[in-house]
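Colleague: Have a look; sequence and predicted model below, questions after that.
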Amino acid sequence: MARIGFKKAKYNKHNSDNTKFAALTGNKVPDFEKVVDEKFTPNYANAELYANDAKAEHDDSFIDGDLTITIADDNDEFVSTILGQTINDGEVTGNEEDKAPEVGYGHIIPKVVSGVRKYKVEFFPRVVFSKVTGDNKTKGANVEFSTSSVEGKVMRLESAFNGLAAGDWTKYKTFDTLAEAETYLDGLLTPSA
């Protein structure tokens, strides 16, 4: 399998009682800002129990994961939404009391498998974004683009949520067409009935 791109990053906030995703505006799942790249690093338990001079038990269960997403534009409205900041008349205010909402996040990865193009949906049902970082420097003789990164924590679900079971932390599935993949991703981020 060769990954050959990145498409259709989307998200949706959890509703106020944390049982399903928030209602959609115009039946449209919100788009995540344009993604330049993404890095996900899962963290696993590494516990071992020895007995009678041999390994008796081993646990490497999922703890959480670090998600860093580089975006082309740190749009104020988008950033304030995912960080739980206040926006008023175009001005964003970050306060120590801000609480970032829990969101679901997913995207589509085009790939080639045995010469055939496929589309893999990767989805995290519970993510909390904590900060936006960026590097800036003066314009020189040549134009260089700079970007910002959004950092978050992927966590497992503590209880049943939006048709998913307690303990779930990821879902993924591969499709033959982009349209099928997008329909599946939208379905994952749509509030359950």
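Modeller: That came through, no problem.
Colleague: From now on I want contacts and neighbour counts done on CA atoms only, so please keep to that.
Modeller: Fine.
Colleague: so where's the longest strand in the protein?
Modeller: Determined from DSSP state E, the single longest strand within the chain is strand 116-134.
Colleague: buried residues in it?
Modeller: Neighbour counts over strand 116-134 (16 or more other CA atoms under 10 Å) mark 117-129, 132 as buried.
Colleague: What residues does residue 186 make contact with?
Modeller: Residues near residue 186 by CA atoms under 8 Å, 6 or more residues apart in numbering: residue 29.
Colleague: would you put the C-alpha positions of the helix or strand hosting residue 10 in CSV?
Modeller: Taking DSSP states H and E as the definition, one finds residue 10 inside strand 7-13. The C-alpha coordinates for strand 7-13 follow below in CSV (Å, rounded to 0.1, in the frame of the first residue of the first chain):
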residue,chain,number,x,y,z
LYS,A,7,-8.4,14.5,1.5
LYS,A,8,-11.6,15.6,3.2
ALA,A,9,-10.6,16.2,6.8
LYS,A,10,-13.8,16.7,8.8
TYR,A,11,-14.9,17.1,12.5
ASN,A,12,-17.9,17.5,14.7
LYS,A,13,-18.3,18.5,18.3
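Colleague: After that strand, which helix or strand is next?
Modeller: strand 35-44.
Colleague: and for the strand holding residue 10, what are the contacting residues?
Modeller: Counting by CA under 8 Å, 6+ apart, 21-22, 29-35, 101-110, 182, 189-190 sit against strand 7-13.
Colleague: and if you look at stretch 99-119?
Modeller: Contacts for stretch 99-119 (CA under 8 Å, 6+ apart): 1-14, 21, 82-85, 120-130, 174-178, 181-182, 185, 189.
Colleague: mind checking the longest helix of this protein?
Modeller: helix 178-188 (DSSP state H).
Colleague: and that one, how far out from the chain's middle?
Modeller: Offset of helix 178-188 from its chain centre (CA atoms, centre = their mean, to the nearest Å): 15 Å.
Colleague: what do you get for stretch 37-57?
Modeller: That offset, for stretch 37-57, works out to 24 Å (CA atoms, centre = their mean).
Colleague: Give me the distance between the two termini of stretch 184-193.
Modeller: Using CA to CA, to the nearest Å, the end-to-end distance of stretch 184-193 comes to 16 Å.
Colleague: Would you mind checking the contacts of stretch 99-119 for buried ones?
Modeller: For the contacts of stretch 99-119, buried by 16+ other CA under 10 Å: 6-14, 21, 82-85, 120-129, 174-175, 178, 181-182, 185, 189.
Colleague: now residue 174, which residues is it bridged with?
Modeller: residue 120 (DSSP bridges).
Colleague: Over to residue 113?
Modeller: residue 116.
Colleague: mind checking how far it is from residue 175?
Modeller: Taking CA to CA, one finds residue 113 at 11 Å from residue 175.
Colleague: ok, now residue 158?
Modeller: Computed as CA to CA, the residue 158 to residue 175 distance reads 29 Å.
Colleague: now residue 17
Modeller: Taking CA to CA, one finds residue 17 at 33 Å from residue 175.
Colleague: And for residue 24?
Modeller: 24 Å.
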